[in-house]
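Trainee: How does the following fold in three dimensions:
(2 chains)
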Amino acid sequence: MSLTIEQVEHIAELARLALTAEEKALYRGQLSAVLEYAALLQKVDTSQIPPTATVLPLRNVMRDDAVQPSLPVEDVLANAPDAEDDCFRVTAILEA
Amino acid sequence: MLHQLTTHAAADLLRAGDISSVELTEAVLDRIYAVDNDVKAYLTLLPELALEQAGEADQRLGAARAMGELAAAPPLLGIPLAIKDVISVEGVRTTCGSKILENYVSPFQATVVDKLRAAGAVILGKTNTDEFAMGSSTENSAYFTTHNPWDLNRVPGGSSGGSAAAVAADECLAALGTDTGGSVRQPASLCGVVGLKPTYGRVSRYGLIAYGSSLDQIGTLTKDVTDAALLLAAIAGYDPRDSTSMDIAAPAHLNLNLSLNLKGLRIGVPKEYFIAGIQGEVETAVRAAIDVLADLGAGVKEISLPHTELALPVYYLIAPAEASANLARYDGIRYGLSVPGASLWEGYRQTRGQGFGPEVKRRIMLGAYALSAGYYDAYYLKAQQVRTLIKQDFEAALAEVDVIACPVSPTTAFRIGEKVDDPLSMYLADVFTLSLNLAGLPGISVPCGFDGAGLPIGLQLIAGAFAEKTLLRAAFGYEQATDWHQQKPELISR
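Mentor: Alright, predicted model coming up:
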């Protein structure tokens, strides 16, 4: 399983990662090696095997929809690169 | 030499009034100042906070003594501990070993830290880790590599390498780590300390910064098995803030005043864990350790975990897939590094491209690929199906035996730089530890010898889900029959 540079670029876009040309070449080789190793799994017949998403015997843990104390807004915003009027400030996504 | 004390020995001295927590904490801080330039275990040190907490602990001890209630005081009262820097301590920087969180100060605290603080433990600082706990050597830390106290030219293992090295070098009495694919047990093995990974669901992960959510578990690094039991009792239990923590009462106190006799205990030795590529001295030491367990009365037989060789590819699809989702939150908007871009999209790309290190990028991309349209069934779903087979292997084996005994790591500590250019060879360092996470089971690494270069070797014991008591009984029996855990490193380069 060898990835192309275009595939590496596609994955990087999915993951929102800006990569340099050197990184693309490096990750192309390294990711291909790991995926080649992962091909071991294709030899296993799993047609009758259910997937395991969690090891716990839990499904849909429910709780009452009750208001709980939460962090003060100033604490939540303390790490924000940019904040205004008790909100996180972000780059505009729509044209005015 | 107060810094050399175990948690339980220090607790006895504190109760007897022979030492104070302030004296103990000062001794450990002095030790850190003396050796951490070489070991580099700590990312953040909190001397003022620690001494303030130690003073409070002394007051609590004094009040308990005056009331004649010392026996009821929590065992960790006044004990200085270290916390892996992926676990949130309120008001303290939590970096996860990443530049993307270099200036992030946690506004809240992990449940495990709440529990330790309620028990009166003293927090010394935050220990180094591979970035976002992804790695087996701490070389993926964006800050520096921690050095193995047994040979400063070698890695301490990872990702909880800072915690393991701190315990081994007596820079804390015990520490918390996290284990997603072996990140407590492997560094414990490489540093010659005890590393306990509890059952998935045993310990709340609220406030643990997520890596692989179906695998992550908080564990302990300690100087002996008794301390592992003490710390587990302090941090275990259901937490409404973590819906994956189980409402199964943790043993209030894992009483280890057990008979050292292991008669009746059934131990299985999986043949798939003694493979080509394992260092000969590791196999010899682990087999000798199994002989000791047999001498203590345990019944030993060979078992098979037939899908063992598939655990590595399964893990390196599932963990990255979960990581790619978990690490989507680092967008430069709410916290962490923020690199402005011409558009929101460009800001995300630049922030993440500059903020994450190479291993994190590799795993995010691997995960994004395994989850992407057209590849989901072939990679992610397939890995989840084979995960079922691995889990069934353990269920079948643990129907016949109580405890599984095997190596932790195929080799002793490798040299710094030896594997950094070959991610796949680094991943192979986890080959004996990650199947346990896929099955959610508890495991422990106990020191069981040294190789010819004087580097520690670990024995791994594995038990059924929520069977920590059985696990600790076996580990304690072995430990008490040997003296490997009492050896101390010289902190030299070899």
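Trainee: which non-adjacent residue is nearest B:Arg202?
Mentor: Excluding its sequence neighbours, the residue lying closest to B:Arg202 (CB to CB, 6 or more residues apart in numbering or on different chains) is B:Ala236, at 5.3 Å. Quick note: C-beta positions are derived from backbone N, CA and C, even for glycine.
Trainee: for that neighbour, which residues make a bridge with it?
Mentor: B:Val203 (DSSP bridges).
Trainee: Count residues in the vicinity of it, would you?
Mentor: A count of nearby residues for B:Ala236, using other CB atoms under 10 Å in any protein chain shown, gives 27.
Trainee: thinking it is in contact with B:Val203, fair?
Mentor: Yes: using CB atoms under 8 Å, B:Ala236 is in contact with B:Val203, at 5.4 Å.
Trainee: what's the burial count for B:Asp239?
Mentor: B:Asp239 sits with 21 neighbouring residues when counted by other CB under 10 Å.
Trainee: B:Gly347: which element?
Mentor: helix B:344-355 (DSSP states H and E).
Trainee: try A:Gln7
Mentor: A:Gln7 belongs to helix A:5-14, assigned by DSSP H and E.
Trainee: ditto for B:Val292
Mentor: Assigned by DSSP H and E, B:Val292 falls in helix B:280-295.
Trainee: chain center to stretch B:76-87: distance?
Mentor: 13 Å (CA atoms, centre = their mean, to the nearest Å).
Trainee: what's the first-to-last distance across that stretch?
Mentor: Start-to-end span of stretch B:76-87 (CA to CA, to the nearest Å) is 19 Å.
Trainee: That stretch vs chain A: in contact?
Mentor: No: figure legend: stretch B:76-87 not in contact with chain A (CB under 8 Å from any CB of the partner chain); closest approach 15.8 Å.
Trainee: again with stretch B:394-408
Mentor: No: interface with chain A: stretch B:394-408 contributes nothing (CB under 8 Å from any CB), its closest point being 10.0 Å away.
Trainee: Okay, angle between the top helix by length along chain A and helix A:5-14 too, please.
Mentor: If you go by DSSP state H, chain A has its longest helix at helix A:21-38. On the basis of axes from the mean of the first three to the mean of the last three CA atoms, to 10 degrees, helix A:21-38 is oriented at 100 degrees to helix A:5-14.
Trainee: roughly how far out does the next helix or strand after helix A:21-38 sit from the chain middle?
Mentor: Scanning forward in sequence from helix A:21-38 by DSSP H and E, the next helix or strand is helix A:73-77. Centroid displacement of helix A:73-77 relative to its chain, using CA atoms, centre = their mean, is 25 Å.
Trainee: tell me which strands and helices the helix or strand following helix A:73-77 is in contact with?
Mentor: Next helix or strand after helix A:73-77 toward the C-terminus (DSSP H and E): strand A:83-84. Applying 3 or more CB pairs under 8 Å, 6 or more residues apart in numbering or on different chains; DSSP states H and E, one finds that strand A:83-84 contacts no other helix or strand.
Trainee: can you give me the strands for the stretch 101-250 of chain B?
Mentor: B:122-127, B:174-178, B:194-197, B:218-222 (DSSP state E, counting those that start in this stretch).
Trainee: Let me see the mean pLDDT of the second one.
Mentor: Put plainly, it is strand B:174-178. Confidence for strand B:174-178, expressed as mean pLDDT, is 98.
Trainee: can you check the first one too?
Mentor: Within the predicted structure, the mean pLDDT of strand B:122-127 is 98.
Trainee: Tell me the strands beside that strand, with direction?
Mentor: strand B:42-45 (antiparallel), strand B:80-84 (parallel).
Trainee: got the contact list for B:Leu70?
Mentor: By CB atoms under 8 Å, 6 or more residues apart in numbering or on different chains, B:Leu70 lies in contact with B:15, B:61, B:64.
Trainee: oh, I was asking about B:Gly440
Mentor: By CB under 8 Å, 6+ apart, the neighbours of B:Gly440 are A:55-56, B:199-201, B:391, B:465.
Trainee: quick one: which of these is nearest B:Ile444?
Mentor: Checking these against B:Ile444 with CB to CB, the nearest one is B:Thr199 at 11.7 Å.
Trainee: For the residue nearest to that closest one when sequence neighbours are not counted, which residues are in contact?
Mentor: Of all residues not flanking B:Thr199 in the chain, B:Pro442 sits nearest, at 4.5 Å (CB to CB, 6+ apart). For B:Pro442, the contact set (CB under 8 Å, 6+ apart) comprises B:196-199, B:202, B:436, B:462-463, B:465-468, B:471.
Trainee: what's the pLDDT at B:Pro442?
Mentor: For B:Pro442, the model assigns a pLDDT of 98.
Trainee: neighbours of the closest residue to B:Leu327 other than its chain neighbours, just the number please.
Mentor: Excluding its sequence neighbours, the residue lying closest to B:Leu327 (CB to CB, 6+ apart) is B:Ile364, at 5.7 Å. For B:Ile364, the neighbour count with other CB under 10 Å is 29.
Trainee: Would you mind listing where the chain has pLDDT under the threshold?
Mentor: Going with chain A. Counting by pLDDT under 70, chain A shows low-confidence ranges at A:1, A:96.
Trainee: To clarify, I was referring to chain B.
Mentor: Residues of chain B that meet the cut-off, pLDDT under 70, sit at B:250-259.
Trainee: now do 80
Mentor: Confidence mapping of chain B against pLDDT under 80 gives the ranges B:249-260, B:276, B:494.
Trainee: Quick one: residues contacting the most centrally placed residue in chain A.
Mentor: Geometric centre of chain A, nearest residue: A:Ala15, 6.6 Å, by CA atoms, centre = their mean. Contact analysis of A:Ala15 by CB under 8 Å, 6+ apart lists B:324, B:352, B:361, B:364-365, B:368.
Trainee: If we use 10 Å, what do you get?
Mentor: With contact set as CB atoms under 10 Å, 6 or more residues apart in numbering or on different chains, A:Ala15 has these partners: B:324, B:327-328, B:348-349, B:352-353, B:356, B:361, B:363-369, B:372.
Trainee: for B:His485, same thing?
Mentor: B:6, B:192-194, B:222-225, B:227, B:446-448, B:456, B:478-479.
Trainee: circling back to that earlier point, also compute the angle for the helix holding A:Gln7 relative to helix B:344-355, please.
Mentor: Using the same axes, to 10 degrees, helix A:5-14 lies at 100 degrees relative to helix B:344-355.
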